[in-house]
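A.B. asks: Quick one, structure for this:
(one chain, ligands or ions: 1)
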Amino acid sequence: MIPSGCGVFGIIRKETAKKIPGSTVVRAIERVRHRGSDKGAGFATFNLGEGNSYVIKAFVEGDPTKVVRLLNEHGLQVTSLNVSYERGNFCNCSIMTLGDVNRVKKAIRNINEVLWDDNRGKGRIYSVGTSVSVFKDVGYPIDVARKYNVDALEGDMWLAHTRQPTNSPGFYPYWSHPFSTFNIAIVHNGDVSSFGANVEFLQNRGWESFVGTDSEVIAFLFQELLEEGLPIEEAVKIILNPSRRSSSLPKVKDYLYRNAKLDGPFTAIVGYDSGEDIYLVGIADRSKFRPAIIGEDENAFYVASEESEIREVSAKATIWTLKPGSYFIASLKKGIINKGREEEEVLSFSAPPIFETHDFDIDAINMSSEELNLRIEETSSKGKVVVKNVNGQRFIGNTLPFKGIRGVEIHIYGVAGNAMANLNDGNTFHVHGNVQDDCCDTMHGGKVLIEGDARDVLGQTLQGGVILVKGNAGNRVGIQMREYQEKRPYLIIGGIVDDYLGEYMAGGVTIVLDVKGNNARVGNFVGTGMVGGRIYLRGKVSPSKLGLQPPRFEFLRLLRALALDNLISQDELEGLSKMEYIEAMEKMQGKAKEYAMRLFEEKVGIPTYEYRELNEEEFKEISGVTPEMKEYEEFLKEKFTVIFPKK
Ligand SMILES: NC(=O)CC[C@H](N)C(=O)O
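C.D. replies: Next up is the predicted model:
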């Protein structure tokens with residue numbers, strides 16, 4: 001239930017800005033301490049064009065001079081060795097070497113193999129570089145930062161990580177993030193389900209040793225593709241493995257690099273120093289199973305797991321999110337290279353939240369989630385509770401239903417953290433800012449009014465009450481909504497939404513108005529598997545977005561096969577090929593339809609739709625949901641794409 005997982009953070013300065021102090025990065029990642037554990041954390045800093053000797057850092061069990069010997073054997077000159085003993089004979093070494101780039105790269109790979117296989121104790125070189133430096137250990141970010149005095153360091157770019165291990169244990173530091181090879185470092189939240197295929201790809205290219213944390217392969221994959229001479233953006237497109245619907249890769253490349261693609265849930269941040277420039281890359285898996293927030297202010301670009309990390313260090317940053325299967329790239333010299341969304345969409349995100357207010361009951365600055373919830377409970381007898389400076393605190397108001405507390409108005413100024421107003425029953429939440437993931441889940445009644453944006457999985461299994469988001473909402477919004485007898489929930493979005501809106505919906509009403517656009521902008525797979533309820537999208541929305549439709553090329557392939565088998569005529573083939581999938585399916589008959597149904601529709605319900613104005617009853621119902629709907633009345637008079645399950 002706890003939407004946890006690792007916490008990631010990345011920041012790159014703008015060329016005109018000063019270097020970024022480590023203290024900023026430590027504050028940001030500590031904001032999402034709850035996403036990690038004491039099982040590992042780390043930082044990577046990049047400083048373009050710094051130093052002409054390599055600093056090699058290694059964890060070594062046993063005699064540390066064996067690393068020096070191995071380096072010498074590879075023709076690399078060692079100028080200094082620094083050893084700090086950690087526990088028993090496990091040590092952390094820092095070694096200065098001189099040598100040619102290619103020789104260093106090759107040497108590290110070979111040495112890691114030997115160190116990892118040494119039956120006298122394992123060892124791992126975890127950081128190499130002139131400009132990249134990794135600091136990692138077992139512990140929370142703050143512990144690692146203290147140990148290496150990260151606060152006092154500076155960088156052009158930083159990555160940070162707090163780890164909740166899912167893959168390798170967490171009691172040795174070589175399992176912690178960031179993972180780095182030479183001039184690349186990565187941090188990752190998620191699981192690499194494609195690990196086996198990825199390892200095979202790497203083994204074919206001479207990579208033999210892996211520490212066992214799945215995330216490590218992401219660093220190696222990037223290095224391998226970049227070494228082949230692919231431009232960074234090209235490498236990203238391969239590794240990202242977007243769905244075939246949206247992939248822009250040529251077929252040959254797609255096949256050639258099939259084992260270099262990542263699968264599974266992931267948000268990863270990659271730092272790369274090309275020698276001429278440094279790059280910050282954020283990638284999100286095609287189903288967007290992990291959060292990914294992008295930020296920009298006058299000094300820097302940010303990638304983070306939660307908005308709270310960015311707000312901790314930049315209250316006024318412009319913030320947007322990655323779409324499923326998209327990526328963000330910025331570099332020190334070029335600035336933004338890809339925003340991960342079209343400019344118009346980026347612009348549709350809400351302005352920074354309001355954190356301050358004069359009349360307040362609770363100042364939540366630096367308050368834990370537990371304390372904030374206790375204070376809200378205590379203050380609730382006033383009937384109205386105003387909280388300011390909220391930044392990422394979780395589970396806000398979730399204890400109220402258990403205590404039987406109803407009819408309270410809770411005002412939140414700032415960024416409400418994950419899982420606000422879950423199970424709400426009869427209270428009103430008014431957020432003067434944004435809410436993060438998993439808010440209003442299993443709400444039974446009451447009202448939640450959000451002035452800004454909501455992120456992913458808003459209103460899951462919503463079964464009563466009203467949610468009104470004036471800004472945008474994210475991915476998998478309003479999934480599994482339901483209604484029972486006279487209890488009908490309403491979810492109204494003033495802005496845009498991403499994929500899987502209303503997936504497995506069983507009741508209730510969802511409306512997307514996109515007041516800044518011409519037609520409601522929604523992602524793919526709207527109403528997939530829907531069995532009840534209604535979704536209203538303002539304007540004419542392409543029916544290709546409804547349900548889990550087969551990609552176009554697959555449908556056309558089926559039509560051609562049906563024609564070959566004489567189940568449809570040549571004329572029908574031509575006609576049907578020009579239609580949207582939903583229309584074509586409606587037109588088809590007999591055996592042809594039967595085949596198509598079996599192939600594409602029997603497992604996942606694809607809903608149907610009408611394009612029309614609201615009828616009188618609907619208008620009355622929807623405009624009367626809450627007094628705030630007054631603001632939208634003009635929009636409600638327009639035409640809508642109304643989506644409902646097939647009878
Ligand atoms: N919680 C996570 O995101 C885990 C990341 C990665 N699979 C690890 O074990 O380190």
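A.B. asks: OK, contacts around the one residue in the stretch 51-200 of the chain that gets nearest to the ligand?
C.D. replies: Proximity to the ligand, evaluated over the stretch 51-200 of the chain using C-beta to the nearest ligand atom, is greatest for residue 167 at 3.5 Å. All C-beta spots, glycine's among them, are computed from the backbone N, C-alpha and C. Residue 167 makes contacts with 191, 212, 213, 214, 215, as judged by C-beta atoms under 8 Å, 6 or more residues apart in numbering.
A.B. asks: again, only this time at 7 Å
C.D. replies: Neighbour list for residue 167: 191, 213, 214 [criterion: C-beta atoms under 7 Å, 6 or more residues apart in numbering].
A.B. asks: Columns neighbour count, distance to residue 430 and pLDDT on top of those residues, output as CSV?
C.D. replies: CSV is the format used below for the contacts of residue 167 (neighbours: other C-beta atoms under 10 Å; distance: C-beta to C-beta, whole Å; pLDDT from 0 to 100):
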residue, neighbour count, distance to residue 430, pLDDT
191, 19, 37, 96
213, 23, 43, 96
214, 23, 42, 97
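A.B. asks: Which ones among those map onto helices?
C.D. replies: Judged by DSSP state H, the contacts of residue 167 include no members of helices.
A.B. asks: If we check the ligand, which of those residues are in contact?
C.D. replies: 191, 213, 214 (C-beta under 6 Å from any ligand atom).
A.B. asks: Near residue 335, how many residues? Count them for me, please.
C.D. replies: 13 (other C-beta atoms under 10 Å).
A.B. asks: roughly how far apart are it and residue 349?
C.D. replies: 19 Å (C-beta to C-beta, to the nearest Å).
A.B. asks: Kindly indicate which of the ones next to the ligand among the contacts of residue 167 lies nearest residue 16.
C.D. replies: Using C-beta to C-beta, residue 213 comes nearest to residue 16 of those, at 36.9 Å.
A.B. asks: residues near whatever residue of the stretch 1-150 of the chain ends up closest to the ligand, how many?
C.D. replies: As assessed by C-beta to the nearest ligand atom, the ligand sits closest to residue 6 within the stretch 1-150 of the chain, at 3.4 Å. A total of 25 residues lie near residue 6 under the criterion other C-beta under 10 Å.
A.B. asks: Would you convert the ones next to the ligand among the contacts of residue 167 into a markdown table that also reports distance to residue 120?
C.D. replies: Shown next, in a markdown table, are those (distance: C-beta to C-beta, whole Å):
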| residue | distance to residue 120 |
| --- | --- |
| 191 | 32 |
| 213 | 23 |
| 214 | 27 |
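A.B. asks: between these, which is nearest residue 258?
C.D. replies: Nearest to residue 258 among these: residue 214, at 18.2 Å, using C-beta to C-beta.
A.B. asks: how about the closest one, what does it touch?
C.D. replies: Residues near residue 214 by C-beta under 7 Å, 6+ apart: 167, 191, 192, 195.
A.B. asks: again, but for residue 12
C.D. replies: Going by C-beta under 7 Å, 6+ apart, residue 12 touches 156, 157, 278, 280, 300, 301, 330, 332.
A.B. asks: ok, now with 8 Å
C.D. replies: Per C-beta under 8 Å, 6+ apart, neighbours of residue 12: 156, 157, 271, 278, 279, 280, 300, 301, 330, 331, 332.
A.B. asks: now swap in residue 461 and tell me
C.D. replies: Counted by C-beta under 8 Å, 6+ apart, residue 461 has contacts 441, 442, 479, 480, 481, 482.
A.B. asks: ok, now residue 645?
C.D. replies: Going by C-beta under 8 Å, 6+ apart, residue 645 touches 527, 530, 531, 532, 605, 607, 608.
A.B. asks: Looking at the contacts of residue 167, which is nearest residue 454?
C.D. replies: Distances from residue 454 to those, taken by C-beta to C-beta, are shortest for residue 191, at 25.4 Å.
A.B. asks: from what I can see the closest one touches residue 267, true?
C.D. replies: No: between residue 191 and residue 267 there is no contact under C-beta atoms under 8 Å: 11.2 Å.
A.B. asks: domains for this protein, by residue range?
C.D. replies: Using automatic domain parsing, the domain parsing of the chain gives 7-51+130-347, 362-547+607-644, 552-600.
A.B. asks: Run the chain-centre distance for the first one.
C.D. replies: Put plainly, it is domain 7-51+130-347. On the basis of C-alpha atoms, centre = their mean, to the nearest Å, domain 7-51+130-347 sits 11 Å off its chain's mean C-alpha point.
A.B. asks: ok, now the shortest one?
C.D. replies: For domain 552-600, the distance between its averaged C-alpha position and the chain's averaged C-alpha position is 37 Å (C-alpha atoms, centre = their mean).
A.B. asks: list the buried ones in the lowest-mean-pLDDT helix or strand in the chain?
C.D. replies: Lowest by mean pLDDT, DSSP states H and E among the helices and strands of the chain is helix 251-256, with a mean of 88. Of the residues in helix 251-256, residue 254 count as buried by neighbour count, 16 or more other C-beta atoms under 10 Å.
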